[in-house]
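Visitor: One predicted model, sequence on top.
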Amino acid sequence: MITDRELDAQLADAARVHDADLPALPEGFLGLLKTGTQGTTANADGRQSASVAATRHLVADARDSRTEPRPRRGRTGRKALVRISAAVIAVAAAWTTAVVATSSDRTATTDNTAAPSDPVQTPADGIRLVAAEEVTFPLSLDPAPEGLTPTFSRWGGVPYYGDAPLVFTADYSSADGDRVLIMLFPEDPRGLPDSGWSVQGEAAGTATVDGAEAEVTLGDSLATVLWERPDGRWVWILGEGAYDETAAVIAVAETVVDRPQPVGLQFGLAPVGWSVGGYEESRSLDLVSDTDPEQPPLRLSLIGEEGGTTIDTFFQGMALAGPVEPVTIKGLPARMALADGGGGWLLVGALPDGPLFLLIAPPILTREQVLEIAEQITYTP
């Protein structure tokens with residue numbers, strides 16, 4: 001049986017997979033996840049493990065958001081760079097496979113009206129909730145590239161996820177194919193194993209950025225620049241579309257400033273002694289225990305309405321440890337249940353004027369604390 005920590009270590013490894021290394025998903029893979037009635041994705045009574053079913057939605061969303069055609073000017077530079085976001089498909093597939101192996105044999109229920117008769121009690125050692133610190137990406141572009149919308153990611157640098165270095169990315173892009181990708185490293189990524197940095201272009205000389213010598217690379221419809229900042233950290237910027245020439249990418253590099261930007265998803269409350277573990281494209285956010293690396297994370301993700309998903313259909317076919325409970329979050333209907341096998345809490349709801357969200361909370365938190373946390377989450381597109 002795989003542990004939560006081992007599972008997340010696999011996810012961290014997968015997050016550093018390059019596009020060229022990603023295998024195609026098996027034919028019918030997503031269909032298998034959607035049905036939940038074939039192979040090992042279902043229990044003997046045909047119901048899915050709650051963890052597997054929840055992952056199904058994240059896989060589908062990731063697949064949809066990364067397979068939509070993105071117009072490009074000229075030839076694509078896909079083979080010449082690492083696309084951090086694309087690796088989430090491999091991540092989700094690995095996650096699903098691992099969770100299936102730990103599916104519980106507990107009796108399931110799909111009752112979505114009755115409240116749990118025996119909710120999880122407050123742990124003996126207790127845990128308090130405190131105001132959460134704002135989650136930010138550490139850099140900004142001033143001025144910001146006109147017409148480009150950023151999403152932010154972070155991974156590594158936290159004991160829960162192993163020894164991977166702390167890496168930040170900001171992906172500014174537009175519908176017509178213009179793109180600026182920024183990666184921030186703790187040290188020179190050329191000598192940093194498993195950093196996720198990779199480019200197959202050709203060296204195009206050097207330039208000066210913020211008083212430092214920078215390495216310039218030109219590839220297939222892209223340009224990149226890499227340099228060391230005064231604080232010892234390294235920045236790598238890739239430009240595509242209108243930014244695929246040396247002058248354009250250097251001009252962007254000159255606008256980098258030390259001004260944090262808030263990530264779209266935010267926790268308003270957090271368990272005391274927990275901090276940011278990682279976030280993915282401003283769509284998913286993890287908090288992890290600073291003192292207990294074995295503790296499963298508190299995970300918040302945006303989920304789409306793929307396949308007509310609603311708060312009333314989300315738990316259908318799942319094997320749960322108790323009934324689905326109607327609750328209210330931010331004045332809107334939501335649904336909550338305990339995952340089978342002691343996997344903790346699942347809460348699905350809608351953000352005002354926003355998408356559906358999924359909150360996965362470890363069993364160390366009580367039902368009331370999960371509801372308090374859900375009330376304080378925010379999302380800014």
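Guide: That came through, no problem.
Visitor: Return the residues in contact with R179.
Guide: Listed by CB atoms under 8 Å, 6 or more residues apart in numbering, the contact set of R179 reads 148, 171-173, 238-241, 243. Placement of C-beta: from N, CA and C, glycine included.
Visitor: run the last query once more with 7 Å
Guide: 172-173, 240-241, 243 (CB atoms under 7 Å, 6 or more residues apart in numbering).
Visitor: Of those, grab the buried ones for PyMOL.
Guide: Remark: buried members of those, expressed as a PyMOL selection using 16 or more other CB atoms under 10 Å:
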select buried, resi 172+173+240+241+243
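Visitor: Please pull out the lowest mean pLDDT helix or strand from this structure.
Guide: Every helix and strand in the chain was compared by mean pLDDT, DSSP states H and E; the lowest is helix 88-100, with a mean of 34.
Visitor: List the pairing partners of the helix or strand following that one within its sheet, with orientation.
Guide: Sequence-wise, the next helix or strand downstream of helix 88-100 (DSSP states H and E) is strand 129-131. Strand 129-131 pairs in its sheet with strand 269-271 (antiparallel), by DSSP bridges.
Visitor: can you list contacts of the strand it pairs with?
Guide: So strand 269-271 is contacted by 127, 129-132, 287, 298, 365, 372-373, 376 (CB under 7 Å, 6+ apart).
Visitor: Could you tell me which of the residues you listed count as buried?
Guide: 127, 129, 132, 287, 298, 365, 373, 376.
Visitor: Would you mind measuring from the residue lying closest to the first one once chain neighbours are set aside to A361?
Guide: Closest residue in space to I127, ignoring its immediate chain neighbours: P271 at 5.3 Å, by CB to CB, 6 or more residues apart in numbering. Going from P271 to A361 by CB to CB, to the nearest Å gives 9 Å.
Visitor: what residues are shared contacts of these two?
Guide: In contact with both P271 and A361: L298, using CB under 7 Å, 6+ apart.
Visitor: residues in contact with P262?
Guide: 134, 136.
Visitor: Please report how far it lies from G354.
Guide: Relative to G354, and taking CB to CB, P262 is found at 15 Å.
Visitor: Check Y161 too.
Guide: 28 Å.
Visitor: Between those two, tell me which one has more neighbours.
Guide: Between Y161 and G354, Y161 has the larger neighbour count (other CB atoms under 10 Å), namely 23 against 14.
Visitor: Report pLDDT for that one.
Guide: Looking at Y161, its pLDDT stands at 75.
Visitor: So between P271 and A361, which is more surrounded?
Guide: Higher neighbour count among P271 and A361: A361, with 27 against 24, using other CB under 10 Å.
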